[in-house]
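Asker: Sequence and predicted structure are below.
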Amino acid sequence: MISYLIRRVGTSIVVVIGVSIAIFVLLHAIYPSPARDVLGLRASGTQIAAWNKQNGYDDPVIVQYARYINNLLHGNLGFSYANNQTVLALFQERLARSVYLSGVSLVLALLIAVPLGIFQAVRRNSIGDNVATSVAFVTYSMPVFFLGLILIQVFALSWPVLGFEASQSTSLLTVMGDWHDMLLPVLTLTLITVASFSRYMRSSAMDVLAQDYIKVARAKGLPERLVLLRHLLRNACLPMITLIGLSIPLLLAGNLITEYLFNYPGLGLLFFDSLGKADYPVMLAYTLIGAVFVVAGNFVADLALTAADPRIRLV
Amino acid sequence: MAGQITSLEAAGTALVPEGGEIGAVQSGWRLALREFAGNKLAVIGFAIVIFFVLFSFIGPLIYHTNQIDTSLSAANEAPSASHLLGTDSNGFDQLGRIMVGGRAALEIGFFAAFIAIVIGALWGAIAGLLGGFADAVMMRVVDVFLSIPFLFVVLILAVKYGATVLSLSLVIGGFSWLFPARLVRGEVLSLRVRDFVAAARVAGAGRSRLITRHLIPNALGVVIVNVTFQVADAILAVSYVGFLGFGLHYPSVDWGDMLSNGVQYQTDGYWWLIYPVGACIVLTVMALNFIGDALRDSLDVRLRRR
C-alpha cells in the first residue's frame, strides 16, 4: 500500500512537471514576451528588444522556464495586461462562483444518476429503462449550449418561470440564494453530466447484479430493499469514483460553455473574455490550473477507490 | 430471433472446413459484421451518417443556393417555398448553409479522427512493443496531454492562428490520439504474449508477417470502435469552438457558428435559425455514437469467439 502510494505520488508529480513544460512551451510559442502589451502598439522593434533584454525575455529557454516555475511556486500566475490585474487576483475573484456552479451541478448529477442507473439496471428493458436510456443517449450527444438553449426556450421564454441570465451578484451568498436565476445554468450542467454518469451507473449496477453475493443476499431472504441498499448501491458506486476523476476535463469544458451561455461571471467566462482580448497569460494560467486539477482529481479518485474497495490489493 | 440463430449456425458450419475445428480469422469478422447488421440502432446510425454525407456533399449540387453574396433585403425570412428553411441574418439560405456547415463538420471530424488514429496507433504500438523505460516515458507523455483540458488548447490555438478546416483538424487530431494510443498499447501488450502469436512464430512467421497478419488485424478492432467516437467528439469540439465565435471564417461556416448567430434571434422566435442546425449536430453525433456502441458490442462477440 505504502509503495503504491509513493509510486502514485511520483507519477502524479512527473505528470504535473510534464504539464508545466507543455504549457510553458505553448506560452513561449504564442506569447514569448509581454513587451508589446507593456510598451504599446507604437513601440519600435529596438525598444521591444531592449525591454525584453532588461526583463529577461531573451534569456535561454531553460532559464525562462526556471523563472516561470519559480513564479508559479510563489503563487505568481502572471499578469493580465488586458485587465491590468494579476492573474491570481482575477482567479480569486471568480473561483468561488465557478466552484459553486460546478460543485452543485456535480452533486445534483450524482444524486440523480446513481438512483436512476440502479433503477434502470433493476428494471432492465422496462419502459422506464428504455425511456431513460433514450433520453440519456440524446442528451449525451448534445452540445452543452444546445441543451442550454432548449432549456432557456422552455423555462425562460415560452413558459417564463426562470431567468435566462445567471445571477450577476459579486457576493456568493446572494448567488446561492438566487434560485430563480441560477436554476437554469445548474440544470444545464447537471443534465449533461447525468447523461454520461447514468450510462456508466446502469452498466455498473448490472455487473453487480450478476454477482454471486447478490444471489446469496437474496437467497438468505433479505428484503429486496436491503439487497439494493446494502449490497448493490455501495458496490455499484465504486466505478463512479473513478468516473468523477476522469470527467473533470468535461466538467471544465461544460463550465466554460455554461458560464458563457448564461453570462455567469466565473472562471469560464473569464477564459472566454480573455480569448477575445488575446489575453494569453490568463488563458494559459487557467489551462495550467485545469490540468493540475485533472491530475489531482485522478489521484484523489484512485486513492478514494483503494480506500473504498478493499478488494483492490495493491503491491 | 430464432431465424437469426439458425442462419448464424448455417454460416458457421459453412465456414468451418471439413474435419477442422479452427475457424478462419475472417469468420470472426464476418460474425462481427452480422452482429452489427442485426443491431437496429447501428443500421439507423449508419443510415444517418450516410444521409449527412450525401446531404452535405451532394446536396448543394441539387439544392442550389448562393452562400457567397449576402442579401440583406432577404434577411431573416421565415421558411417558404423558395427558402425551405428560411434565411439567416445575412440573407443566406439556411438549408444550403447547413449543407456547407455539415461539409466542414464531417471533413474536420473524419480528418481529425484519422490523424488521431494514425498517431495513436503508432505511438501505442511502439510503446507496447518497446516496453520497459521507453514505454513508461511514452505513456507519461500520454498522461500529460490527457490532463490538459483539450477544448481550452483548441480555443487558444484557434485564436492565435485562426481556424480553418485544416488547422482545426490538426489541433483536434493532435490532442485526440491519447485514448487510441492507450488502447493500442494495451492490445499490443496482451497480444504479443498470446498463444496464437507464439504458434505463428513457431510456424516460422517472420516479424513483418507477425505484425501485419496477426498483431495489427487483432488490434484493429479497438481502433475501429474508437474512430467512430473520435469523429463524434471532433464534431462536438468544432461546434463548441464555432459557438464561442472562434470557428471557421467566411465563406466557410460551421454548425456551432450558425447556432450562435441564431441565438441572437431566439427572443424574436426565429426558430429556423436554431433548431434545424442544432438537430443536425445532435443527429450526427448520436448516429456516430450508435455505430460506435454497436461496433463495440459486435467486437465483443468476435472476442468471445476467440
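Answerer: Yes, it's here. Numbers count the residues shown, from 1 in each chain, chains lettered A, B, ... in the order given.
Asker: low pLDDT regions in the chain?
Answerer: The chain I'm using is chain A. By pLDDT under 70, the weakly predicted segments of chain A are A:313-315.
Asker: hmm, I had chain B in mind actually
Answerer: Using pLDDT under 70, the flagged stretches of chain B are B:1-29, B:207, B:211, B:300-306.
Asker: for it, what spans make up the helices?
Answerer: Assigned by DSSP state H, chain B shows helices spanning B:2-15, B:25-38, B:40-57, B:59-62, B:94-130, B:132-147, B:150-161, B:165-174, B:178-191, B:195-202, B:207-209, B:216-243, B:255-263, B:275-305.
Asker: so can I have TSV of the ones you listed showing mean neighbour count and distance to residue A:28?
Answerer: C-betas here are computed from N, CA, C, even on glycine. Putting the helices of chain B into TSV (neighbours: other CB atoms under 10 Å in any protein chain shown; distance: least, CB to CB, whole Å) gives the following:
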stretch	mean neighbour count	distance to residue A:28
helix B:2-15	11	58
helix B:25-38	17	47
helix B:40-57	17	39
helix B:59-62	14	43
helix B:94-130	22	23
helix B:132-147	17	16
helix B:150-161	22	13
helix B:165-174	20	18
helix B:178-191	21	22
helix B:195-202	12	45
helix B:207-209	10	41
helix B:216-243	23	23
helix B:255-263	25	30
helix B:275-305	20	35
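Asker: is it possible to export the ones you listed to a markdown table including distance to chain A?
Answerer: Putting the helices of chain B into a markdown table (distance: least, CB to the nearest CB, whole Å) gives the following:
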| stretch | distance to chain A |
| --- | --- |
| helix B:2-15 | 18 |
| helix B:25-38 | 17 |
| helix B:40-57 | 9 |
| helix B:59-62 | 22 |
| helix B:94-130 | 12 |
| helix B:132-147 | 3 |
| helix B:150-161 | 4 |
| helix B:165-174 | 12 |
| helix B:178-191 | 11 |
| helix B:195-202 | 27 |
| helix B:207-209 | 32 |
| helix B:216-243 | 5 |
| helix B:255-263 | 6 |
| helix B:275-305 | 4 |
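Asker: what's the closest of those to residue A:136?
Answerer: Closest approach to residue A:136 among the helices of chain B (CB to CB): helix B:275-305, 11.0 Å.
Asker: What is that closest one packed up against?
Answerer: helix A:127-140, helix A:144-152, helix B:25-38, helix B:40-57, helix B:94-130, helix B:216-243, helix B:255-263 (3 or more CB pairs under 8 Å, 6 or more residues apart in numbering or on different chains; DSSP states H and E).
Asker: want to throw these into JSON lines with distance to residue B:144?
Answerer: Below are the helices and strands packed on helix B:275-305 laid out as JSON lines (distance: least, CB to CB, whole Å):
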{"stretch": "helix A:127-140", "distance to residue B:144": "27"}
{"stretch": "helix A:144-152", "distance to residue B:144": "26"}
{"stretch": "helix B:25-38", "distance to residue B:144": "35"}
{"stretch": "helix B:40-57", "distance to residue B:144": "33"}
{"stretch": "helix B:94-130", "distance to residue B:144": "13"}
{"stretch": "helix B:216-243", "distance to residue B:144": "19"}
{"stretch": "helix B:255-263", "distance to residue B:144": "28"}
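Asker: nearest to residue A:18, of those?
Answerer: Judging these by CB to CB, what sits closest to residue A:18 is helix B:94-130, at 15.1 Å.
Asker: If you drop the residues flanking it in sequence, what lies closest to residue A:286?
Answerer: Closest residue to residue A:286 apart from its sequence neighbours, by CB to CB, 6 or more residues apart in numbering or on different chains: residue A:271 at 5.0 Å.
Asker: got the buried residues for the strand or helix carrying that neighbour?
Answerer: Assessed by DSSP states H and E, residue A:271 sits inside helix A:267-276. Neighbour-count burial for helix A:267-276, with 16 or more other CB atoms under 10 Å in any protein chain shown as criterion, is recorded at A:267-275.
Asker: helices or strands up against that helix?
Answerer: helix A:87-122, helix A:248-261, helix A:280-308, helix B:150-161.
Asker: And the second one, what does it pack against?
Answerer: Judged by 3+ CB pairs under 8 Å, 6+ apart, helix A:248-261 is in contact with helix A:87-122, helix A:144-152, helix A:179-209, helix A:267-276, helix A:280-308, helix B:150-161, helix B:216-243.
Asker: and the angle for the shortest one with helix A:248-261?
Answerer: Using axes from the mean of the first three to the mean of the last three CA atoms, to 10 degrees, one finds that helix A:144-152 and helix A:248-261 are set 50 degrees apart in direction.
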